[in-house]
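In: what's the 3D shape of this:
(one chain, ligands or ions: 1)
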Amino acid sequence: MKRATPAPETKPETEPALRYRVREGHVLQVDDATSARMARVRQKATKPELLVGKALRALGHHYRTHNRDLEGSPDFANRRARWALFVHGCFWHRHGCSATTTPGRNREFWEAKFARNRARDQRAAEALAARGFRVLVLWECETKRAPPEELQQRLRAAFAGS
Ligand SMILES: [Zn+2]
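Out: Below is the predicted model:
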């Protein structure tokens, strides 16, 4: 009997395209959706800094941004008045709020990365405090949806309380 021509192969169910990347000694599986999400997280980190700068100016604080010569490169600092302010992204610096998710893929990589971030934050805060700086931290979620007056109030309290 003549063999029937094989049916055309059915396409396997389409899965998200996986790529592999090596970062910081880990082999990562990367799919497009995750990459897009990470890119969004990174971009968003710039806007809170604009809002905080505005609030600081409204309160009459003078500052420099991106202080690479100070431990941890505080987002805002005033050397003469000896304060340093970090605006931390909730995801990267593990605030503990609802934005503090952990990607399901490459979990070990992320957990190691987050642990390093936190340790670095801690070291920077201690080094600055040892130099007589007041160290203030604002979380991204505190800056995002808050009306300007609320952010100013939050900053006023931070400066008064430390
Ligand atoms: Zn948060």
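In: Just give me the longest helix of the protein.
Out: Secondary structure of the chain per DSSP state H: the longest helix is helix 107-130.
In: Wasn't residue 86 part of a strand?
Out: Yes: counting by DSSP: H, G, I helix; E, B strand; the rest coil, residue 86 is found in a strand.
In: Quick check: residue 118 vs residue 32, distance?
Out: Distance, residue 118 to residue 32, by CB to CB, to the nearest Å: 29 Å. C-beta coordinates here come from the backbone N, C-alpha and C atoms, glycine included.
In: for residue 94, same thing?
Out: The spacing between residue 94 and residue 32, counted by CB to CB, is 25 Å.
In: With residue 26 instead?
Out: Separation of residue 26 from residue 32 (CB to CB): 19 Å.
In: and what of residue 122?
Out: From residue 122 across to residue 32, the span is 35 Å (CB to CB).
In: Next: residue 56.
Out: Distance from residue 56 to residue 32, counting by CB to CB: 38 Å.
In: buried residues in stretch 54-63?
Out: Under the neighbour-count criterion of 16 or more other CB atoms under 10 Å, stretch 54-63 has 55, 56, 61, 63 buried.
In: How about stretch 85-100?
Out: Judged by neighbour count (16+ other CB under 10 Å), stretch 85-100 contains these buried residues: 85, 86, 87, 88, 89, 90, 91, 92, 93, 94, 95, 99.
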